[in-house]
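In: Fold the stuff below for me.
(chains A and B)
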There are 2 protein chains.
Amino acid sequence: MTSDLLALSTLSAEAMGEPSVGRARARVNSALAVFLDGKRDSAPDACLPPLVAVLRDFIKGGKRIRPLLCHCGWLAGGGDLEAEQPVVLGAALELFHTFALVHDDIMDTSDLRRGRPTVHRARTAGFRGPGGQRAAERFGTSTAMLLGDLSLVWSDELRSVLDAENSRKRAVRELVDTMHVELIAGEYLDLLGAAEAGVDPVQRAWRVIRWKTARYTVELPLRMGAVLAGADARVLAACGAYGRPVGEAFQLRDDLLGVFGDPRATGKPDRDDLREGKQTVLMVLAWRQATSAQREIITALHGKPDLDQPESDRLREVVRDTGAVARVEELIASRTQRALSVLESAPITPQAKPGLAALALSAASRTR
Amino acid sequence: MTSDLLALSTLSAEAMGEPSVGRARARVNSALAVFLDGKRDSAPDACLPPLVAVLRDFIKGGKRIRPLLCHCGWLAGGGDLEAEQPVVLGAALELFHTFALVHDDIMDTSDLRRGRPTVHRARTAGFRGPGGQRAAERFGTSTAMLLGDLSLVWSDELRSVLDAENSRKRAVRELVDTMHVELIAGEYLDLLGAAEAGVDPVQRAWRVIRWKTARYTVELPLRMGAVLAGADARVLAACGAYGRPVGEAFQLRDDLLGVFGDPRATGKPDRDDLREGKQTVLMVLAWRQATSAQREIITALHGKPDLDQPESDRLREVVRDTGAVARVEELIASRTQRALSVLESAPITPQAKPGLAALALSAASRTR
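Out: Predicted structure coming up:
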């Protein structure tokens, strides 16, 4: 199964060049630029345009996976390729995602995102007032909180101008409400980590995947596009059957990239997750499959705040030796396989299928 | 003018007992309780109900000034006293305000709110995981960020169920969008503080008042209630003419309470603003009116992180001696007077007037 997938995954870079996907991305980018230009030009106070510029700059990075899935959902539900609605909704999703990332980076005290300093770090470094490092950090973190808040309220504002029938707008709205609360639940679960007593770690890791990534990144944006197009229950069921495994594969790949990825490609350090002791599916499987000698090393190094290069190399080696990496690769492959087979027989329009296949492969085999 | 106001302000406690105001408050409280019960019962993950409980508990405090102004705006625009719409909108405003306070307390690193530990402090104290004080603080702050985020998205969700004509919902929506960006601008300006070069401090302090409090607390909630009732342009103009001075008076009183208030009444320490060196209108006027000897003391003590009791008493004395307190009291009195005289001739329904008069007096003369 893994080798099948490998064969397929070499196609994914080209598949992502699928013309309708590439065009959807460009249109979402342009909608974001127009919206933010408008915000800059109509700002009620002179302090805002510089904040808008930071937001714009941050948004330039990013893979646009949620807007693209929204676009595919729209096509799957029979929506017109040239319509504006999924573009607006996709741009709103990207603003929401910006909020999520900026606040997540504060909570994770991350230094890098998309190969550059995170927003709170960059704002801390740019502080010119009195009060030393403590004042600078407070300013940087607070500014990033406000930027996240701004991105969230603007996401909502942009979505509110959607030009669609009331019933479809209501259906989108319900999914958006669900997305909000599920993502926050996922973030909170992640935060609770080991502090939540009496919970099986593997189950908890899967709950985090479900709320923090899988539904949020894949299933819900896809469904949003579909309900906006007025899709029926059979199409929506197919969106779920495709979306859940792809979402899980996306996060499992993320877990692997967080530890084994090339920082030049991921734009994130490869030691943060290890230093933080993140209880990902990868790491709880490694623990479960480890010998007692391996467990000693995991206990000593996973979550060590000042983990150095030799130590992180050692920990990676142990994780690999437990068989957890191979196991996670299998989980990714089986999920991708399942999604592709759902897709084959799904009652969705043929024009949505190439894009969805490309996105499933890209989610599973991406290197960034 | 001040003595007139003093005579009036002794009435304000009774005026706040204005039956329609008291009933509106009770109905908003009940709408909030029902909404949050629903959220607890329909939570997608078991980690959420405890968060909802924290939110509920926090919301119990608070004066409900924004929902009450929304209620008055609704009446001013000719809305029916028994209608549900302004109650729902008022409850949504209170959830938004909860977001604003919880995030503001993180940014200000405040310890107390409404006489109890702030959300981030309480969550820090409740942390039971490993990693010591640093891990506890990170957990507490992150949880409070998520709680604020939750309150914000739920505010929006609650507002979205408003049962009103599309055109009125759109008009409310525009004011909500304005409120969001203005509040964030006000918070950011406050944060920039002295870091924003080349700006007259008095002007900057007034900008903060305008965005962070005056429009947000008084004018916009009032207008929202009015547009929801379908008020015409004359009523909306009256809302602005009344709301702006009341909002300014509200914040000027807040500045005074932050330094001279009784912490048992305000629920906040009386040294935080001084320790933080907040550039309020009170403090920039004190500086402007100070002798060079007084300026030396202000420079030495205002913004001193470890300001002790004798020092803060000394600083208060100096601020009073500059005449700044008397000046701010005059500013409050003249604004309140103006609002009351606008009210007398305003083209709004008579049943809105007693509540608005009571709120104007309460905003100006409150002790908490």
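In: quick one: residue A:174 is in a helix?
Out: Yes - assigned with DSSP: H, G, I helix; E, B strand; the rest coil, residue A:174 falls within a helix.
In: Can you give me the distance of it to chain B?
Out: 9 Å (Cβ to the nearest Cβ, to the nearest Å). Bear in mind the C-beta positions are built from the backbone N, C-alpha and C, glycine included.
In: Number of residues surrounding that residue?
Out: Counted with other Cβ atoms under 10 Å in any protein chain shown, the neighbours of residue A:174 add up to 15.
In: Low-confidence ranges, chain A, go.
Out: Along chain A, segments meeting pLDDT under 70 span A:1-19, A:194-197.
In: how close does the spatially most central residue of it get to chain B?
Out: By Cα atoms, centre = their mean, chain A has its centre lying nearest to residue A:217, at 5.4 Å. Using Cβ to the nearest Cβ, residue A:217 is found at 16 Å from chain B.
In: Confirm for me that that residue is in contact with residue A:253.
Out: No - using Cβ atoms under 8 Å, residue A:217 is not in contact with residue A:253; the gap is 11.3 Å.
In: circling back to that earlier point, I'd guess the residue nearest to the centre of chain A is in a helix, am I close?
Out: Yes - counting by three-state DSSP, one finds residue A:217 located in a helix.
In: and it, what is it in contact with?
Out: By Cβ atoms under 8 Å, 6 or more residues apart in numbering or on different chains, the contact set of residue A:217 is A:65-66, A:69, A:247, A:250-251.
In: okay, stretch A:243-257 in CSV with CA atoms only?
Out: Presented in CSV, the C-alpha positions along stretch A:243-257 are these (Å, rounded to 0.1, in the frame of the first residue of the first chain):
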residue,chain,number,x,y,z
GLY,A,243,-12.7,14.5,4.2
ARG,A,244,-12.2,12.7,7.4
PRO,A,245,-9.4,10.4,6.3
VAL,A,246,-7.7,13.1,4.3
GLY,A,247,-7.8,15.4,7.3
GLU,A,248,-6.3,12.7,9.5
ALA,A,249,-3.6,12.0,7.0
PHE,A,250,-2.8,15.7,6.8
GLN,A,251,-2.2,15.9,10.5
LEU,A,252,-0.3,12.6,10.7
ARG,A,253,2.0,14.0,8.0
ASP,A,254,2.2,17.2,10.1
ASP,A,255,3.3,15.2,13.1
LEU,A,256,6.1,13.5,11.1
LEU,A,257,7.2,16.8,9.5
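In: Look up which helix or strand residue A:162 falls in, please.
Out: For residue A:162, there is no helix or strand it lies in under DSSP states H and E.
In: residue ranges of the helices in the stretch 201-350 of chain A, please?
Out: A:201-208, A:220-228, A:233-260, A:263-266, A:272-276, A:281-289, A:292-301, A:309-321, A:324-345 (DSSP state H, counting those that start in this stretch).
In: so which of the ones you listed comes closest to chain B?
Out: Between chain B and these, the shortest separation by Cβ to the nearest Cβ is 6.5 Å, and it involves helix A:201-208.
In: in that closest one, what's buried?
Out: Residues of helix A:201-208 classed as buried: A:201, A:204-208 (neighbour count, 16 or more other Cβ atoms under 10 Å in any protein chain shown).
In: So which of the residues you listed reach chain B?
Out: residue A:207 (Cβ under 8 Å from any Cβ of the partner chain).
In: what separates the residue of chain A positioned farthest from its centre from residue A:136, distance-wise?
Out: Using Cα atoms, centre = their mean, the residue of chain A lying farthest from its centre is residue A:130. It sits 36.8 Å away. According to Cβ to Cβ, to the nearest Å, residue A:130 and residue A:136 sit 10 Å apart.
In: For residue A:250, which non-adjacent residue is closest in space?
Out: residue A:363 (4.0 Å; Cβ to Cβ, 6 or more residues apart in numbering or on different chains).
In: State the helix or strand in which that neighbour lies.
Out: Here residue A:363 is assigned to helix A:353-365, by DSSP H and E.
In: Correct me if wrong: residue A:40 contacts residue A:50.
Out: No - between residue A:40 and residue A:50 there is no contact under Cβ under 8 Å: 9.3 Å.
In: still on that earlier bit, the residue farthest from the centre of chain A in helix, strand or coil?
Out: Secondary structure, three-state DSSP: residue A:130 is coil.
In: if we can go back for a sec, want to throw the helices of the stretch 201-350 of chain A into TSV with distance to residue B:60?
Out: TSV is the format used below for those (distance: least, Cβ to Cβ, whole Å):
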stretch	distance to residue B:60
helix A:201-208	30
helix A:220-228	33
helix A:233-260	38
helix A:263-266	45
helix A:272-276	35
helix A:281-289	39
helix A:292-301	43
helix A:309-321	47
helix A:324-345	45
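In: Please work out which of those is packed deepest.
Out: Burial of the helices of the stretch 201-350 of chain A is given as mean neighbour count (mean count of other Cβ atoms under 10 Å in any protein chain shown); helix A:220-228 ranks first at a mean of 29.
In: is that one anywhere near chain B?
Out: No - against chain B, helix A:220-228 shows no contacts by Cβ under 8 Å from any Cβ, the least distance being 11.9 Å.
In: got the angle between that helix and helix A:353-365?
Out: Put simply, helix A:220-228 runs at 160 degrees to helix A:353-365, going by axes from the mean of the first three to the mean of the last three Cα atoms, to 10 degrees.
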